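*Asks:* what would the 3D arrangement of this be:
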Amino acid sequence: MSNIERAAGFLEQRFGNRAEVAIVLGSGWADAADLFGTTLDEVAYSDIPGFRNSDIVGHAHKARLIQLENNQLLIAFIGRTHLYEGFGVDAVVFGVKVLANLGIKNLILTNACGGLNPVWKPGTPVLISDHINFTGTTPLQGANFLDVTEVYSKRLRNICKSIKPDLEEGVYVGFMGPAYETPAEIEMVRRWGATLVGMSTVLEAMAAREAQMEVLGISLVTNLAAGMSGEPLSHAEVIEAGKNATKMMGTLLAEVMKEITNES
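*Replies:* A predicted model of the protein is given here:
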């Protein structure tokens, strides 16, 4: 039995297998999970076979089973593994593959990011319409020719816009990190058409599409990208912006997940 199967078996025993939607919460988003609904169960990553804890500030490192307002169930992974932590691609996409093994059909990936659009102030949520994989790697193995024409589901984005019509969309560039992007790199990806930059999400999204899950990506702009504001970048700034947006993002995501499960 693989580690993925062991982890899925553990969570199925704890959570059951009736959830059709799951969410991965990025840096600074942990407190938003308290607004999704009623927590029915919670387990630390360290207790789940194959999961890795991270020492990154702003990640709570736990899985939670939540009952939404419409009585549907949600699995929330609060915290993720990043490629820059050095554990490899398999560790980055491990949680996504476990969710696929549990039969999850809809996956929401959230992140904190730098914004390239000067109109987007810190605390602005932006739907991911597409991405550029600048990590230098992939979760796919062998001659697995995955169609990535629509990584981020237009149907799920339309559900979000039916709830909050003024939501904007952007193209997310996934860098490996942990160094923030240089102003020259930001100028390069801006010319490519990118509007969001970060260090997560793209590999998870590809693994989810390989598993035939529908993916919704939502970025929270926590700072202007390097060179745009004249100020240095810091992780503390990312966490603070996430905390300040907790109520807004928690309320929005609760409504989005309710609508997704109503349509399932």
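
*Asks:* longest helix anywhere in the chain?
*Replies:* For the chain, the helix with the greatest residue count under DSSP state H is helix 246-263.

*Asks:* give me the contacts around stretch 179-198.
*Replies:* 111-117, 120, 126, 128, 132, 134, 170-175, 219, 221, 225-228, 233 (Cβ atoms under 8 Å, 6 or more residues apart in numbering). For the C-beta atoms, the positions are set from N, CA and C on the backbone; glycine is no exception.

*Asks:* who are the packing partners of the longest helix of the chain?
*Replies:* Applying 3 or more Cβ pairs under 8 Å, 6 or more residues apart in numbering; DSSP states H and E, one finds that helix 246-263 contacts strand 21-25, strand 106-115, strand 124-134, helix 154-163, strand 214-224.

*Asks:* select from those the stretch with the lowest mean pLDDT.
*Replies:* Ranked by mean pLDDT, the helices and strands packed on helix 246-263 bottom out at strand 214-224, with a mean of 91.

*Asks:* burial of L65, as a residue count?
*Replies:* Per other Cβ atoms under 10 Å, the neighbour tally for L65 reads 21.

*Asks:* in which helix or strand would I find it?
*Replies:* In the assignment (DSSP states H and E), L65 maps to strand 62-67.

*Asks:* circling back: report the mean confidence score over the longest helix of the chain.
*Replies:* According to the model, helix 246-263 has a mean pLDDT of 90.

*Asks:* just give me the residue right at the centre of this protein.
*Replies:* L109 (2.4 Å; Cα atoms, centre = their mean).

*Asks:* distance-wise, check that residue relative to P178.
*Replies:* Taking Cβ to Cβ, to the nearest Å as the measure, L109 falls 19 Å from P178.

*Asks:* again with G28
*Replies:* 16 Å.

*Asks:* which of the two has more neighbours?
*Replies:* Neighbours per residue (other Cβ under 10 Å) separate G28 from P178, with G28 holding more: 27 against 13.

*Asks:* could you confirm the more buried one falls within a helix?
*Replies:* No - counting by DSSP: H, G, I helix; E, B strand; the rest coil, G28 falls outside a helix, being coil.

*Asks:* for it, give me the pLDDT.
*Replies:* 71.

*Asks:* my guess is it contacts A112, does it?
*Replies:* Yes - counting by Cβ atoms under 8 Å, G28 does reach A112; the two are 5.3 Å apart.

*Asks:* where are the low-confidence patches of the stretch 51-200 of the chain?
*Replies:* 54-60 (pLDDT under 70).

*Asks:* can you give me the strands in it?
*Replies:* Assigned by DSSP state E, counting those that start in this stretch, the stretch 51-200 of the chain shows strands spanning 62-67, 73-78, 106-115, 124-134, 168-175, 196-198.

*Asks:* M257: which of these is closest?
*Replies:* With Cβ to Cβ as the measure, strand 73-78 is the member of the strands of the stretch 51-200 of the chain nearest M257 (5.8 Å).

*Asks:* picking that back up, in the longest helix of the chain, which residues are buried?
*Replies:* The neighbour-count criterion (16 or more other Cβ atoms under 10 Å) identifies 246, 248-250, 252-261 as the buried residues of helix 246-263.
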